[in-house]
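Q: next come a sequence and a model predicted from it.
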Amino acid sequence: MAKRDDKNQPSFEVFSVKDGPEDKSFFNRIGTAFRHKDGEGHTISLNALPVNDKIVLRTPKERLDEMRSANPQRRERSDRER
């Protein structure tokens, strides 16, 4: 298997976010974002279009760390940075 370097790895995962009841949000992954070679921007590749007006970019490492955590944290909407 060929070894992949960071240049081929996405910088962010792209999510469409829908607000739900009781301060819960639902994230649907709709694409990825890749850093430009000059470091001055990103190219966003969408597999689907968002159904609302909110798109969130999250680093893959951030999500992996949350999933690997022995005690995954559920954050309230009011606790999240916007």
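A: Thanks, I have it. Since we're looking at a predicted model, the values are computed, not measured.
Q: pairing partners for the strand ranked longest in the chain, with directions?
A: The longest strand of the chain (DSSP state E) is strand 25-35. Paired neighbours of strand 25-35 in the sheet (DSSP bridges): strand 12-19 (antiparallel), strand 42-46 (antiparallel).
Q: could you dump these into a markdown table with mean neighbour count, distance to R58 and mean pLDDT added?
A: Heads up, the C-betas are built off the backbone N, CA and C, glycines and all. Below are the strands paired with strand 25-35 laid out as a markdown table (neighbours: other CB atoms under 10 Å; distance: least, CB to CB, whole Å; pLDDT from 0 to 100):
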| stretch | mean neighbour count | distance to R58 | mean pLDDT |
| --- | --- | --- | --- |
| strand 12-19 | 17 | 5 | 92 |
| strand 42-46 | 13 | 13 | 94 |
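Q: would you turn the ones you listed into JSON lines with distance to F34?
A: Below are the strands paired with strand 25-35 laid out as JSON lines (distance: least, CB to CB, whole Å):
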{"stretch": "strand 12-19", "distance to F34": "9"}
{"stretch": "strand 42-46", "distance to F34": "5"}
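Q: what residue ranges in the chain score low on pLDDT?
A: Along the chain, the model assigns pLDDT under 70 to residues 1-7, 62-64, 66-67, 70-82.
Q: do that again at 80, thanks
A: The model of the chain has pLDDT under 80 over residues 1-8, 61-82.
Q: ok so, going back, give me the contact list for the longest strand of the chain.
A: Residues from elsewhere that reach strand 25-35 (CB atoms under 8 Å, 6 or more residues apart in numbering): 10-20, 41-50, 55-57, 77.
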